[in-house]
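J.: just a sequence and a predicted model for now, questions to come.
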Number of protein chains: 2
Amino acid sequence: MISNTTLKEIAKTLLDSRSVILFPHENPDGDAIGSCVALCKALRNQGIEAWVLIDELLPELIEFLDEPGEGVCGEPCCTMDHQCVRQPDICVFIDCSGDDRILKRAEKFHTGRKSICIDHHLTAESAEDLYYIDSEEAATAQIIYKLLVEMGVEFDRSIANAIYTGICMDTGNFKYSNTTAESHRIVAELMDIGIDHDAIMLQLYSNVDPRETRLESAALANMDLLADGQAAIACVTQELLQECDAKMEHADHLIVVLRDLKGVEIAAVLKEQLSGATKVSFRAKSYADVAEIARLFGGGGHIRASGCTIDDDIETARVQVITAIEEALS
Amino acid sequence: MISNTTLKEIAKTLLDSRSVILFPHENPDGDAIGSCVALCKALRNQGIEAWVLIDELLPELIEFLDEPGEGVCGEPCCTMDHQCVRQPDICVFIDCSGDDRILKRAEKFHTGRKSICIDHHLTAESAEDLYYIDSEEAATAQIIYKLLVEMGVEFDRSIANAIYTGICMDTGNFKYSNTTAESHRIVAELMDIGIDHDAIMLQLYSNVDPRETRLESAALANMDLLADGQAAIACVTQELLQECDAKMEHADHLIVVLRDLKGVEIAAVLKEQLSGATKVSFRAKSYADVAEIARLFGGGGHIRASGCTIDDDIETARVQVITAIEEALS
């Protein structure tokens, strides 16, 4: 926990302002946008001019969070218009903590008379006027929930939906190890208020791109199980992408499928780049150190999730990776 | 809610007894066994002789729920020995409500001096001395949680783990529409007590049989998208099973993968039987009535989940199913 203030103080500061712009990180996810939309709507409900400034269109998956509603919040919260507020009273980092995460919007951020940072990332730092960074929180949306309680505002269904979505996405629907008793308690409160539980679950989890499924299936059909099934490796070639009419991003989830196989401790996915080089992702299930394996190839990362780029064709890279994994497991 | 008593009364009755046998339904799942093990351990902790009588070995997935521990609960709770207690004071249906769900154990059930039924199934009925059936509860484990609170017993980690597992499995890890605010509140309490969250999540969800993955991938590689992607169909032939070294049960999850595709409203999986007939499962995502489709072929089921058997080879059945689905979606 790194903070120079309290949520009570941040609540008071926001409520005393006339205009606020919220800044989620680039490439925003459900937690960033859910947190922003919830706070933006709560501020608007108090008669404060509020906007969420974004750099790019929202990912389709979470567009629903900013669907136009009724009343004072009816207008969308997210905008790409830097002139949404000419000179904002307050600018707030939400789910991020530095100019490097808001890119082209950084200049606008610094036009605020006051700056605030609300984040939950472990490595976050802040030089803002007020900052509240709590890495014990599973999601920034949990902090926003507490902030709205401090503000004494009413939660409507769209605010509850936004916070709920943020918590679901950042906790892997309560599966990840960051999930806390408080995550569950907040969701219970949100369910009492009323959320569109079933619709949100369908939206988040029953919305898989068929191209992803085709690509995964094709790659899995040729996966290798090594070391008595303790390791699983799959390759995604440019040829396979063409066959499946898919893009490389459709292979993002493949590494998790491999890691979740019974008996598998180390998973690796090799991706053939257009340059001819090979990108490799590694995951470990419970004890192996895959950062160490990635470092063998000049890469790095976390102990259970790492990656590297091998400057070789995918077949050559595959042989090297298999040798390294078998070594690590022996 | 169908009951002739309160959990307080059931708690008192159990605490006043000397011996209890708990009866989960045949082919028991995480909720049935989690509920039984939690109650069994709590009773043993009070010095009451308690056993869970089962018909078959526990499924590997949930074996961990009955792992031997320390102290008075050290011995496993589950047994196949009908003489575990010669003449029990109380026999309890857990997560079921009739002899037809406990099969060969029914005779033993009726040797109890008193009988109790604790269940959450919508269609449950009971003629036991005491019964408490609440279909509003997402899991029987939630009822057991409340019962243990009424009993005033201490929750240890293994009891908390068992109840947590039951709730996770019966709510699809809080995704299914049966999930309530109370599900989340109980889990928050269990997390405060202390549960092995990460180990249980790995056990339940990172334990996929590679044969299932291979079979699913092979079937998905040949799936058909119909009606502009509103329907998805996959076939599992005996030949495919041999190619993947898999059993038909490894195709159980396939229908969910199809339903969860973006844009898909109706999913169907056709399974070639050894007899030459074709079993068909249907799922709908949000509005279609697949019970109606199944009835066209003499089958039935729920509005969003149904099935039938077509007395024809899989290729002929496939054509018929496609026609029926296209009709339903037009």
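T.: Perfect, thanks for sending it.

J.: how many residues are close by the residue in the stretch 1-150 of chain A positioned nearest to chain B?
T.: In the stretch 1-150 of chain A, the residue that lies nearest chain B is residue A:60 (9.2 Å; Cβ to the nearest Cβ). All C-beta spots, glycine's among them, are computed from the backbone N, C-alpha and C. Residue A:60 has 11 neighbouring residues, counting by other Cβ atoms under 10 Å in any protein chain shown.

J.: same check, this time on the one 5 residues further on
T.: Other residues near residue A:65 come to 25 when the count uses other Cβ under 10 Å.

J.: so how far is residue A:210 from the residue of the stretch 1-150 of chain A closest to chain B?
T.: Per Cβ to Cβ, to the nearest Å, residue A:60 is found 14 Å from residue A:210.

J.: check residue A:168 too.
T.: 23 Å.

J.: one more: residue A:30?
T.: Residue A:30 is 22 Å from residue A:210, by Cβ to Cβ.

J.: do residue A:118 as well
T.: 38 Å.

J.: cool, residue A:300 as well?
T.: Residue A:300 is 34 Å from residue A:210, by Cβ to Cβ.

J.: what residues does the stretch 51-200 of chain A put near chain B?
T.: Contacts of the stretch 51-200 of chain A with chain B, taken as Cβ under 8 Å from any Cβ of the partner chain, map to A:173-177, A:179-182, A:184-185, A:187-189, A:191-192, A:197-198.

J.: hey, where'd the helices end up in the stretch 151-300 of chain A?
T.: Here the stretch 151-300 of chain A has its helices, by DSSP state H, counting those that start in this stretch, at A:157-170, A:181-193, A:197-205, A:210-221, A:238-243, A:254-259, A:290-296.

J.: who does the third one touch, helix- and strand-wise?
T.: The reference is to helix A:197-205. helix A:157-170 (3 or more Cβ pairs under 8 Å, 6 or more residues apart in numbering or on different chains; DSSP states H and E).

J.: report the distance from the helix it packs on to the chain centre.
T.: Chain-centre distance of helix A:157-170: 13 Å, with Cα atoms, centre = their mean, to the nearest Å.

J.: who's in contact with that helix?
T.: By Cβ atoms under 8 Å, 6 or more residues apart in numbering or on different chains, the residues outside helix A:157-170 that reach it are A:29-35, A:37-38, A:41-42, A:62, A:65, A:69, A:73, A:138-142, A:144-145, A:148, A:174, A:176, A:178, A:183, A:186-187, A:190, A:193-197, A:200, A:204.

J.: buried set for that helix?
T.: For helix A:157-170, burial by neighbour count (16 or more other Cβ atoms under 10 Å in any protein chain shown) applies to A:158-170.

J.: so where's the stretch 101-250 of chain A shaky on pLDDT?
T.: The model of the stretch 101-250 of chain A has no residue with pLDDT under 70.

J.: neighbour count winner among residue A:300 and residue A:210?
T.: residue A:210 (21 against 12).

J.: let me see the mean pLDDT of the strand or helix carrying residue A:31.
T.: According to DSSP states H and E, residue A:31 maps onto helix A:30-45. Here helix A:30-45 scores 97 as its mean pLDDT.

J.: is it in proximity to chain B?
T.: No - contact of helix A:30-45 with chain B (Cβ under 8 Å from any Cβ) is absent, the minimum separation being 14.8 Å.

J.: got the contact list for whichever helix or strand comes after that helix?
T.: Using DSSP H and E, the helix or strand that directly follows helix A:30-45 along the chain is strand A:49-53. Residues outside strand A:49-53 that contact it (Cβ under 8 Å, 6+ apart): A:18-24, A:33, A:36-37, A:39-40, A:43-44, A:66, A:77-82, A:84-85, A:105, A:108.

J.: domain ranges for chain A?
T.: Domain assignment for chain A by automatic domain parsing gives A:2-205, A:210-329.

J.: run the chain-centre distance for the first one.
T.: Distance of domain A:2-205 from the chain centroid (Cα atoms, centre = their mean) equals 13 Å.

J.: and residue A:308, helix, strand or coil?
T.: Three-state assignment for residue A:308 (DSSP: H, G, I helix; E, B strand; the rest coil): strand.

J.: close enough to count as contact, it and residue A:291?
T.: No - assessed by Cβ atoms under 8 Å, residue A:308 is found out of contact with residue A:291, at 10.0 Å.

J.: give me the more crowded residue out of the two.
T.: Remark: of residue A:308 and residue A:291, residue A:308 carries more neighbours, 21 against 18, as counted by other Cβ under 10 Å.

J.: gap between the nearest residue to the more buried one once chain neighbours are set aside and residue A:326?
T.: Distance criterion Cβ to Cβ, 6 or more residues apart in numbering or on different chains; nearest residue to residue A:308, sequence neighbours excluded, is residue A:299 at 2.4 Å. According to Cβ to Cβ, residue A:299 and residue A:326 sit 18 Å apart.

J.: now the end-to-end length of stretch A:307-315.
T.: Distance between the two ends of stretch A:307-315: 17 Å, counting by Cα to Cα, to the nearest Å.

J.: quick one: contacts of that stretch?
T.: A:235, A:237, A:270-273, A:276-282, A:294-301, A:316-317, A:320-321.

J.: write the PyMOL selection for whichever of those are buried.
T.: The buried residues among the contacts of stretch A:307-315 can be selected in PyMOL (16+ other Cβ under 10 Å) with this line:
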select buried, chain A and resi 235+237+270+271+272+278+279+280+281+282+294+297+299+301+317+320+321
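
J.: and stretch A:42-56, which residues are buried?
T.: A:42, A:43, A:44, A:45, A:46, A:48, A:50, A:51, A:52, A:53, A:54.

J.: I meant to write stretch A:182-194 there.
T.: Those would be A:182, A:183, A:184, A:185, A:186, A:187, A:188, A:189, A:190, A:191, A:193, for stretch A:182-194 by 16+ other Cβ under 10 Å.

J.: same question, stretch A:226-240
T.: For stretch A:226-240, using 16+ other Cβ under 10 Å, the buried residues are A:226, A:227, A:230, A:231, A:232, A:233, A:234, A:235, A:236, A:237, A:240.

J.: and those residues as TSV, adding distance to residue A:10?
T.: Formatted as TSV, the buried residues of stretch A:226-240 follow (distance: Cβ to Cβ, whole Å):
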residue	distance to residue A:10
A:226	51
A:227	51
A:230	48
A:231	47
A:232	46
A:233	48
A:234	46
A:235	49
A:236	45
A:237	50
A:240	49
